[in-house]
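Participant: need a structure here:
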Amino acid sequence: VMDGAKPQTVESLRVLKESKTPFVIAANKIDRIHGWNSEHGRSMAESMGDQSKEAMGLFEQRYWDLVGQFAEHGFNIERYDRVTDFTADIALVPVSAREGEGIQDLLAVVIGLAERYLDEQLTDIEGSGEGTVLEMKEERGLGKTLDVILHRGSVKKGDEIVLVTDDGGRATRVKGLFSPRGMSEMRDAGNRWDASEEAHAASGLKISAPNLDGVLAGTTLRVVHNDAERAEALAAAQAESELSIELEEEGVCIKADTVGGLEALAKELNAIEVPIRMASIGKVSRRDIRNTEAASNPLHRVIMAFSTDILPDAITEVESSEAGAKHIGSDIIYRILEEHEEWVEQRT
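Facilitator: Residues are numbered from 1 along each chain as shown. I've put the predicted structure just below:
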């Protein structure tokens, strides 16, 4: 509410618009408006009726600023309690994450829209399982595991699954299946996982299986039950593993934690005519830095990493690089582009 649409917000809007993804706006930090009386856990509908005219006037000013900023990007937004057609207007819910005020309103809007417009996807629990691999982790006592969001069908211990790797499709079998304990979220579960025999959509789970090396985060996991399904899934996995990024003989190197992230970064670089020589998934390694140093153009001796870390030995390699290799990393693409532009300006 206070800062308006920041560059990262604009970047997210562009991605959402291009992918035609529905969304709701949470206008956070409503409690920072001068004179706003916040109450922990209160609904926003109740809160707005309990504010002074001055506080509501300041809120309306901020709100109309947001309306104008979103309109510049082709979006019509309306306060959630005033929306009459959710297919024409995007709901904006004022909230205070700090006080928990308005959170119930936000959840009500999201759940209501999901039940109204995503009914078919939410009830797609029959048939072969399909999910998205979030990341691969090394777990003590289990070895390599996959954190997965199962969004269709079911999967059980012993099922054959087809995964997308950097070498194409690969079939393996589920050795262990684990669900977050109680109300724990996957990202916060830590070691709080319970062994399961079967999981149904939609749910988050951890899978242990042999031969998980090279599995790409952000790609599809498919459960198969016969030769025909396996052949079809392997063909789909092969196609998914082939990055739709045009590489040049000379250019920069890029890395990301998922296929989607890598392609998003590549798209932005293509838009500003920055050539790409190498593109891959995973953390930035020492080998990546050495490949970066091999560029003949000094301005191409840079590796840009979106939402992925750089390994300690790679940091040492950058610091001691006689070729002037540069690592630029961030969880926000526009910051990577800004830092790259500044680096180029310093070297020209």
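Participant: ok, A199 to V164 distance?
Facilitator: Distance check for A199 against V164: by C-beta to C-beta, to the nearest Å, it reads 20 Å. All C-beta atoms are positioned from the backbone trio N, CA, C, and that covers glycine.
Participant: More neighbours: which of those two?
Facilitator: Remark: of A199 and V164, V164 carries more neighbours, 28 against 24, as counted by other C-beta atoms under 10 Å.
Participant: A helix includes that one, no?
Facilitator: No - per DSSP: H, G, I helix; E, B strand; the rest coil, V164 lies outside any helix segment and is strand.
Participant: Find the nearest non-adjacent residue to it, please.
Facilitator: Leaving aside its chain neighbours, V164 sits nearest to T219 (3.6 Å; criterion: C-beta to C-beta, 6 or more residues apart in numbering).
Participant: Tell me which residues touch that neighbour, please.
Facilitator: 132-133, 163-164, 237, 240-241, 258-259 (C-beta atoms under 8 Å, 6 or more residues apart in numbering).
Participant: if you set the cut-off to 7 Å instead, what comes out?
Facilitator: Residues near T219 by C-beta atoms under 7 Å, 6 or more residues apart in numbering: 133, 164, 240, 259.
Participant: for this structure, what helix or strand is lowest in average pLDDT?
Facilitator: Every helix and strand of the chain was ranked by mean pLDDT, DSSP states H and E. The lowest is helix 119-122, at a mean of 61.
Participant: how close does the residue nearest to Q104 when sequence neighbours are not counted get to P210?
Facilitator: Distances taken as C-beta to C-beta, 6+ apart put S43 closest to Q104, at 5.3 Å, once the chain neighbours are dropped. Between S43 and P210 the distance is 50 Å, computed by C-beta to C-beta.
Participant: More neighbours: which of these two?
Facilitator: Set S43 next to P210 and count neighbours by other C-beta under 10 Å: S43 wins out with 15 against 11.
Participant: returning to that earlier point: what's the helix or strand just after the least confident helix or strand of the chain packed up against?
Facilitator: Using DSSP states H and E, the helix or strand that follows helix 119-122 in sequence is strand 130-139. When contacts are defined as 3 or more C-beta pairs under 7 Å, 6 or more residues apart in numbering; DSSP states H and E, strand 130-139 packs onto strand 143-152, strand 220-224.
Participant: Can you check which of those strands gets nearest to G214?
Facilitator: Counting by C-beta to C-beta, G214 lies closest to strand 143-152 out of the helices and strands packed on strand 130-139; the figure is 10.2 Å.
Participant: now what about the closest one, what contacts it?
Facilitator: 124, 129-139, 186, 199, 201-208, 212, 215, 221.
Participant: For the residue nearest the centre of the chain, give me its contacts.
Facilitator: Computing the C-alpha centroid of the chain and ranking residues by C-alpha atoms, centre = their mean puts G261 first, at 7.7 Å. Contacts for G261 were tallied using C-beta under 7 Å, 6+ apart; they are 218, 306-307.
Participant: Just the pLDDT for the residue nearest to Q104.
Facilitator: The score at S43 is 91. That number is its pLDDT.
Participant: still on that earlier bit, considering the contacts of G261, which possesses the most neighbours?
Facilitator: Busiest of the contacts of G261 [other C-beta under 10 Å] is F306, holding 23 neighbours.
Participant: just how off-centre is the longest helix along the chain within its chain?
Facilitator: For the chain, the helix that runs over the most residues, judged by DSSP state H, is helix 53-71. Centroid displacement of helix 53-71 relative to its chain, using C-alpha atoms, centre = their mean, to the nearest Å, is 29 Å.
Participant: Give the buried residues for that helix.
Facilitator: 55-56, 58-59, 62-63, 66, 69-70 (16 or more other C-beta atoms under 10 Å).
Participant: which residues touch stretch 80-97?
Facilitator: Under C-beta under 7 Å, 6+ apart, the answer for stretch 80-97 is 1, 23-31, 38, 44-45, 66, 75-79, 101-103, 105-106, 109, 113.
Participant: Okay, and which of the residues you listed map to helices?
Facilitator: When DSSP H is applied, those are split such that 44-45, 66, 103, 105-106, 109, 113 fall in helices.
Participant: Show me the domain layout of this structure.
Facilitator: 7-121, 130-241, 252-347 (automatic domain parsing).
Participant: next one: the longest one to chain centre, how far?
Facilitator: On the basis of C-alpha atoms, centre = their mean, domain 7-121 sits 21 Å off its chain's mean C-alpha point.
Participant: Likewise for the shortest one?
Facilitator: Put simply, domain 252-347 sits 19 Å off its chain's centre (C-alpha atoms, centre = their mean).
Participant: Thank you, goodbye.
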